[in-house]
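Colleague: missing the sequence, but the structure's below:
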């Protein structure tokens, strides 16, 4: 009898140990491939707790069924109601800047699909997340419950006002962009707490890491960003509105350069430096068969407003020079630019490539007129070599309307 009892206790202890070693949220293979082969090589991400959390989140469950093929690509995806799920790199970057601790209580402004809240749920004690669009908030809440992320609390409301009943918070993460920091969020942040927030004009935003010292925020400028606007009271108070009737970009001359060598006015820079007044893109890493998303890109992006009811055509001009540019699948024509058009719900309605080239060539002009869909409300210009290897120099980029009135 004694030996039976000892055996029972032994195997019970073994079972408990094995259970303790089995994570509640196992690694998702596609997420692991994305982290190890796309996010980490881009550099700058060092918090292994954050990266491990992203490896364990099934991102495909947080995007619409029609977009699931894009779930593990490093890009934003429209989720309806004029909202998007941020690129995985941005989620990792913002989370790392917060430096989350296991005992923290975090406030998130802009639940969206729930993906950012899911990542935080594996890193902190409690996540309080506010979503102004009720259908999105309810959907995210149900998904997070299904995934048994019970430490995430969802509230439907205006994020500008924060969540006073649950304050104070160790840190605050804002996944939409107001023009300035809402005062209620400052009030609800603990002394010594951290907040990461994209601030600025609609298409010209900057990440700021804010630390609360003696009741006020000390701001540290980080890097450019492009987020959906914070709606509600924050949008009502916005002073500078985009002009969709006169589409244009900023910083196309690459005259203003940031400390990291990338151009001001552009965001999501990858493998690019400003050299002698030109953007120099380098992409030498071939596409690996095991990767289920595009290779590490060499690119710059910039968003701008376009009113498709007032502008029917725009023209994009720039100069390029190339060295050994080859498409990832062989020596075929590739493109050095894409213009993606979005409707008012931020659904992609057109993606137009331009600037076809291949091989090695000296400076040449690129000028292409592009039709604008009537339902277009904004666009994103991408330049670089996102799906090719080689070196590309770009300078003197401009966007201007060429047909203002739409024919009846």
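Modeller: Happy to help now that I have it. The model shown is predicted, which means the values in this text are computed figures rather than measured ones. Numbering: from 1, shown residues only.
Colleague: contacts and neighbour counts: CA atoms only from here.
Modeller: Noted.
Colleague: check the secondary structure at the nearest residue in space to residue 350 that is not next to it in sequence for me.
Modeller: In this structure, residue 350 finds its nearest non-sequential neighbour in residue 341, 5.1 Å apart by C-alpha to C-alpha, 6 or more residues apart in numbering. Following DSSP: H, G, I helix; E, B strand; the rest coil, residue 341 is assigned to strand.
Colleague: pull out the buried positions in stretch 355-367.
Modeller: 355, 357, 358, 359, 367 (16 or more other C-alpha atoms under 10 Å).
Colleague: just how off-centre is stretch 386-399 within its chain?
Modeller: Per C-alpha atoms, centre = their mean, to the nearest Å, the displacement of stretch 386-399 from the mean C-alpha position of its chain is 21 Å.
Colleague: list the buried ones in it?
Modeller: Those would be 386-399, for stretch 386-399 by 16+ other C-alpha under 10 Å.
Colleague: swap in stretch 310-325?
Modeller: Buried, per 16+ other C-alpha under 10 Å, within stretch 310-325: 310-314, 316-325.
Colleague: how far off centre is that stretch?
Modeller: 24 Å.
Colleague: quick one: mean pLDDT for it?
Modeller: Across stretch 310-325, pLDDT averages out at 95.
Colleague: next: stretch 277-293.
Modeller: Mean predicted lDDT for stretch 277-293 stands at 68.
Colleague: same thing with stretch 53-68?
Modeller: Rounded mean pLDDT across stretch 53-68 is 93.
Colleague: quick one on the thing from earlier: with distance to residue 173 added, can I get the buried residues of stretch 355-367 in TSV?
Modeller: Listed next are the buried residues of stretch 355-367 as TSV, based on distance: C-alpha to C-alpha, whole Å:
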residue	distance to residue 173
355	38
357	41
358	43
359	44
367	41
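Colleague: farthest-separated two in these?
Modeller: Farthest pair in the buried residues of stretch 355-367 (C-alpha to C-alpha) is 359 and 367. Separation: 19.4 Å.
Colleague: of the buried residues of stretch 355-367, which belong to strands?
Modeller: 355, 357, 359, 367 (DSSP state E).
Colleague: any idea how far residue 203 is from residue 149?
Modeller: Noted for residue 203: a distance of 33 Å to residue 149, by C-alpha to C-alpha, to the nearest Å.
Colleague: looking at the two, which is more packed in?
Modeller: residue 203 (26 against 21; other C-alpha atoms under 10 Å).
Colleague: now do that one, the pLDDT please.
Modeller: Confidence score, pLDDT, at residue 203: 92.
Colleague: re earlier: was I right to think the residue nearest to residue 350 contacts residue 353?
Modeller: No: when contacts are counted by C-alpha atoms under 8 Å, residue 341 is not listed as touching residue 353 (11.6 Å).
Colleague: neighbour count for the two, which is higher?
Modeller: residue 341 (26 against 17).
Colleague: any idea which of the buried residues of stretch 386-399 the model trusts least?
Modeller: residue 387 (80).
Colleague: so it makes contact with residue 327?
Modeller: Yes: if you go by C-alpha under 8 Å, residue 387 and residue 327 touch, sitting 6.2 Å apart.
Colleague: now do the shared contacts for those two.
Modeller: residue 334 (C-alpha atoms under 8 Å, 6 or more residues apart in numbering).
Colleague: low-confidence ranges, this structure, go.
Modeller: 1-23, 285-296, 329-332, 405-408 (pLDDT under 70).
Colleague: redo that, cut-off 50
Modeller: Across the chain, the ranges flagged by pLDDT under 50 are 1-22, 287-295.
Colleague: that one: helices as residue ranges?
Modeller: Listed in chain order, the helices of the chain (DSSP state H) span 2-21, 29-34, 48-55, 88-98, 115-121, 134-146, 183-188, 233-236.
Colleague: which of those helices is buried the deepest?
Modeller: helix 115-121 (a mean of 26; mean count of other C-alpha atoms under 10 Å).
Colleague: quick check: the gap between residue 228 and residue 132.
Modeller: Residue 228 sits 13 Å away from residue 132, going by C-alpha to C-alpha.
Colleague: equivalent analysis for residue 201, please.
Modeller: For residue 201 relative to residue 132 (C-alpha to C-alpha), the value is 20 Å.
Colleague: so what pairs up with residue 390 in the strands?
Modeller: Residue 390 forms beta bridges with residue 283, as assigned by DSSP bridges.
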